[in-house]
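give me coordinates for this.
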Amino acid sequence: MNTFDNGVRSTRGPVVALVPAAGRGVRLGANMPKAFVPVGGSPMVRLAVEGLLASGVVDRILVMVPAELVEGAGSVLPRSDAVRVIVGGIERTDSVRAGLVAAPDAAYFLVHDAARALTPPELIVRVAAELEAGHSAVVPAVAVADTIKSVDAAGVVTGTPDRSGLRAIQTPQGFTADVLRAAYASAGVAATDDAGLVERLGVAVRTIAGDPLAFKITTPLDLRLAEAVLAGSDLTGTVAR
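Below you'll find the model as predicted:
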């Protein structure tokens with residue numbers, strides 16, 4: 001079992017990372033599932049899994065991919081007994097459900113977007129450490145830089161929320177296994193955010209400081225930024241993997 005940054009090993013059981021990688025990535029404009037689009041010569045999903053392995057706090061990693069890619073996915077992922085590929089679903093929530101079923105012994109789950117391929121291992125360590133410290137749900141968050149407007153169906157502004165109380169949420173999102181299972185058992189609709197399902201249970205979700213490198217690669221511009229980061233790590237002060 002792996003060790004958290006406080007030097008304490010999890011006493012409850014395995015830490016299992018779930019990596020949904022079955023999305024088509026329409027906004028990226030690629031002719032393949034987004035998770036398999038290369039960044040710096042490596043598929044996003046490989047970079048994301050490498051980050052999880054490098055953190056040293058994850059016991060197993062389940063990568064959920066389209067059924068037709070299950071056999072081929074293994075060839076692009078790091079060779080490790082800790083990594084397993086399983087069939088995902090049409091919706092992100094379907095993929096996470098598949099991961100929950102495949103890890104019945106998990107004590108903690110880290111749900112991580114493959115598209116956040118440059119997430120530093122140190123951020124993953126901090127999320128896991130907060131779980132071990134007793135928090136049931138933990139998410140990385142960064143302050144919102146832009147002014148945010150709410151608008152109606154016609155595009156007319158209806159309000160301007162105070163951005164000081166707003167945060168953009170990243171991954172991995174960490175949960176105790178019982179909380180995440182309960183959230184999915186009561187979920188009646190698809191969701192893009194696992195913490196949102198947990199919130200519906202009335203469970204407090206703790207935020208910790210996120211990292212600029214944990215941005216989500218969604219558009220062609222995001223992809224160009226990720227390529228630039230990998231090509232010149234001096235821009236961020238972080239050594240590129």
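
all helices in this protein, in order from the N-terminus.
Along the chain, the segments classed as helices by DSSP state H run 44-55, 70-73, 92-102, 121-132, 177-186, 194-199, 220-231.

can I get the fifth one as CSV, trimmed to CA atoms?
This means helix 177-186. Output of helix 177-186 as CSV, limited to C-alpha atoms (Å, rounded to 0.1, in the frame of the first residue of the first chain):
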residue,chain,number,x,y,z
ALA,A,177,-15.4,4.7,-1.2
ASP,A,178,-18.6,4.6,0.9
VAL,A,179,-19.4,8.2,0.1
LEU,A,180,-18.8,7.9,-3.7
ARG,A,181,-20.8,4.7,-3.9
ALA,A,182,-23.7,6.3,-2.0
ALA,A,183,-23.6,9.3,-4.3
TYR,A,184,-23.8,7.1,-7.4
ALA,A,185,-26.5,4.9,-5.9
SER,A,186,-28.7,7.9,-5.5
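
helices or strands next to it in the packing?
Other elements packing on helix 177-186 under the criterion 3 or more Cβ pairs under 8 Å, 6 or more residues apart in numbering; DSSP states H and E are helix 92-102, strand 108-111, helix 194-199. Yep, even glycine has a C-beta here, placed from its N, CA and C like the rest.

what ranges in this structure fall below the confidence cut-off?
1-11, 25-30, 190-191, 233-241 (pLDDT under 70).

which residues touch the spatially most central residue of the chain?
The centre of the chain sits closest to His112, judged by Cα atoms, centre = their mean, with a distance of 1.9 Å. Applying Cβ atoms under 8 Å, 6 or more residues apart in numbering, we find His112 in contact with Ala17, Leu18, Val19, Ala48, Leu52, Thr119, Ile124, Thr171, Pro172, Gln173.

can you pull the phi/psi pair for it?
Main-chain dihedrals, His112, degrees, to the nearest 10: phi -130, psi 130.

so who does the nearest residue to it once chain neighbours are set aside touch?
The shortest distance from His112 to any non-neighbouring residue, by Cβ to Cβ, 6 or more residues apart in numbering, is to Pro172 (3.9 Å). By Cβ under 8 Å, 6+ apart, the contact set of Pro172 is Ala17, Leu52, Leu110, Val111, His112, Thr119, Leu123, Ile124, Val127, Pro140.

tally up the residues packed near Glu199, please.
14 (other Cβ atoms under 10 Å).

tell me who's in contact with it.
Here Glu199 is in contact with Val205 (criterion: Cβ under 8 Å, 6+ apart).

how far away is it from Thr176?
Plainly put, Glu199 is 15 Å away from Thr176 if you go by Cβ to Cβ, to the nearest Å.

same deal with Asp193?
Applying Cβ to Cβ to Asp193 and Thr176 gives a distance of 17 Å.

circling back to that earlier point, looking at the helices and strands packed on helix 177-186, which is buried most?
Of all the helices and strands packed on helix 177-186, strand 108-111 has the most neighbours on average by mean count of other Cβ atoms under 10 Å, namely a mean of 26.

on that earlier part again, what about the helices and strands packed on helix 177-186, which gets the closest to Phe36?
helix 92-102 (14.6 Å; Cβ to Cβ).

give me the helices and strands touching that closest one, please.
Against helix 92-102 (3+ Cβ pairs under 8 Å, 6+ apart) you get strand 15-20, strand 60-65, strand 83-87, strand 108-111, helix 177-186.

give me the distance from that helix to the chain's centre.
When C-alpha coordinates are averaged (Cα atoms, centre = their mean, to the nearest Å), helix 92-102 and its chain have centres 13 Å apart.

got the CA coordinates for it in PDB?
Taking Å, rounded to 0.1, in the frame of the first residue of the first chain, the C-alpha atoms of helix 92-102 are listed here in PDB:
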ATOM      1  CA  ARG A  92     -18.800   9.900 -17.900                       C
ATOM      2  CA  THR A  93     -21.000   8.700 -15.000                       C
ATOM      3  CA  ASP A  94     -21.400   5.300 -16.800                       C
ATOM      4  CA  SER A  95     -17.600   5.000 -16.900                       C
ATOM      5  CA  VAL A  96     -17.200   5.800 -13.200                       C
ATOM      6  CA  ARG A  97     -19.900   3.300 -12.300                       C
ATOM      7  CA  ALA A  98     -17.900   0.700 -14.100                       C
ATOM      8  CA  GLY A  99     -14.900   1.600 -12.100                       C
ATOM      9  CA  LEU A 100     -16.800   1.400  -8.800                       C
ATOM     10  CA  VAL A 101     -17.900  -2.100  -9.700                       C
ATOM     11  CA  ALA A 102     -14.400  -3.200 -10.700                       C
END
